[in-house]
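> Sequence and predicted structure below; questions after.
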Amino acid sequence: MDFLKELEGKRVHDPLIHFQSKTDMAAAKTTRCIWVRGPVIVGAGPSGLAAAACLKEKGIPSLILERANCIASLWQLKTYDRLRLHLPKKFCELILMPFPADFPTYPTKQQFLGYLKAYAERFDLKPAYNTTVVSAKYDTRSGLWLVKTLGLKNEEVIEYVCHWLIVATGENAEEVVPEFEGTKDFGGPIVHTSSYKSGEMFREKKVLVVGCGNSGMEVCLDLCNYNAKPSLVVKDSVHILPQEILGISTFGLSMWLLKWLPMRLADRFLLLVSRFLLGDTARFGIHRPRRGPLELKSVTGKTPVLDIGTLAKIRSGHIKVCKAIKQVKHQSVEFIDGKVESFDAIILATGYRSNVMSWLKETSMFSEKNGLPRKAFPNGWKGESGLYSVGFTQRGLLGASMDAKRIAEDIEHRWKAEKAHIMPRLVTCACASPLAQS
């Protein structure tokens, strides 16, 4: 193909075309350019696996690129031991394969990982691990995507060329680590929940947990189980709902209510029942937003907290609620209300964010502000020029499966039209030796 020949020529005459710095150029030993028949999927989390499985069901091959050494790296490497799915399994299974019937309603972390591994095996999904995408850009002249990657030790640069690019790195690609005045003076451990495994190392210690989402609330509960003394920073208003109402999952009940009632009426019902079951959370320093939980989720994407026992610990005094942090001092923290408390450690339950804009050289589909699709759900899965996103719906695994199905159906139409015109599967650059792409 003329375009690929031109690309090869550019590499011969401009060795810096593949590198962001001279350091990268010096570290890399080989450079190759590989044609991919089907889509390139960036990310081997649940969303990427679901997209690849849906494509495979339609006879469309794909290549999954994963920067870590395993599938679902966030779940495997950056979650705490006691984690369970917060929603019933029927709302968390990936498309084309249900959970095993003997799994509990809320599977454990290890059960969910086992399910994902079985999913990958069933559809024979074999990601390219230890492969970091450093840039992906659309070439208007050729109508192709150029996806540049670095290997584990920056020893090899590969540029994949494809018709379709599926972004599956998700909403939780990198940690959000807030900066507080005086952090360097604290003198104790300050860790993000991505590094927290259990409360074992915090026994009998005073720990400040920053962030009142599902992770922050559950970490506080875990700390209590290890006889630590946790305090919880609640900076913003938040909705806390019971995980179940009369034995029915609150999430499932919410979806049923929305089928029959306007959102505001459904919100009123949920808040009325929550107040009856949990009490007035404002008494503990946790104020509810003006918008109802369903409306807030729809408008801002902010998820309500599903209580699994943390509020009971707050009521009993085992967990103390604090205002926002003003500054950090040596072994202590000053809050905006002027109070100063001593702590042995700080845990940041401050969440994650998308990293798409750090490598995707395209701004029309994704917002430069938050790295999420500009179009609201359910229309954010498709961009222009063969660009797609999966797992950015802010609706969990259920939303990811919906995206995966739509993407596969959309690509199938063009795949059938172009099947008779398959390009060479491998183009070897002047600086690399031939290698067949399976």
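Looks like it arrived, so ask away. Keep in mind that what you see is a predicted model, and the values were worked out from it rather than measured.
> Quick check: Lys90 vs Pro98, distance?
Using Cβ to Cβ, to the nearest Å, Lys90 is found at 8 Å from Pro98. Where C-beta positions appear, they are placed from N, C-alpha and C, glycine not excepted.
> Check Phe366 too.
For Phe366 relative to Pro98 (Cβ to Cβ), the value is 32 Å.
> repeat for Thr140
Taking Cβ to Cβ, one finds Thr140 at 43 Å from Pro98.
> higher neighbour count, the two?
Neighbour comparison, Thr140 and Pro98: the larger count goes to Pro98, with 12 against 8 (by other Cβ atoms under 10 Å).
> And the pLDDT at the more buried one?
For Pro98, the pLDDT comes out at 97.
> a strand runs through it, doesn't it?
No. Read with DSSP: H, G, I helix; E, B strand; the rest coil, Pro98 is coil and lies in no strand.
> Now do the contacts for it.
Contacts for Pro98 were tallied using Cβ atoms under 8 Å, 6 or more residues apart in numbering; they are Lys90.
> Look up how far Leu146 lies from it.
Counting by Cβ to Cβ, the separation of Pro98 from Leu146 is 38 Å.
> Select the longest helix from the chain.
In the chain, taking DSSP state H as the definition, the longest helix is helix 396-418.
> What ranges in the protein fall below the confidence cut-off?
Along the chain, segments meeting pLDDT under 70 span 1-30, 419-438.
> Helices along that one, start to end?
Using DSSP H, the helices of the chain run over residues 2-13, 22-27, 46-57, 73-77, 109-122, 214-225, 250-260, 263-278, 293-300, 310-315, 396-418.
> any chance of those in a markdown table, with mean neighbour count and distance to Trp164 too?
Below are these laid out as a markdown table (neighbours: other Cβ atoms under 10 Å; distance: least, Cβ to Cβ, whole Å):
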| stretch | mean neighbour count | distance to Trp164 |
| --- | --- | --- |
| helix 2-13 | 13 | 16 |
| helix 22-27 | 13 | 27 |
| helix 46-57 | 26 | 9 |
| helix 73-77 | 16 | 23 |
| helix 109-122 | 17 | 21 |
| helix 214-225 | 24 | 34 |
| helix 250-260 | 15 | 32 |
| helix 263-278 | 16 | 35 |
| helix 293-300 | 17 | 30 |
| helix 310-315 | 19 | 43 |
| helix 396-418 | 19 | 6 |
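> Just give the nearest non-adjacent residue to the residue nearest to the spatial centre of the chain, would you?
In the chain, the centroid-proximal residue (Cα atoms, centre = their mean) is Asn172; its distance is 2.8 Å. Nearest non-adjacent residue to Asn172, counting by Cβ to Cβ, 6 or more residues apart in numbering: Tyr352, 3.6 Å away.
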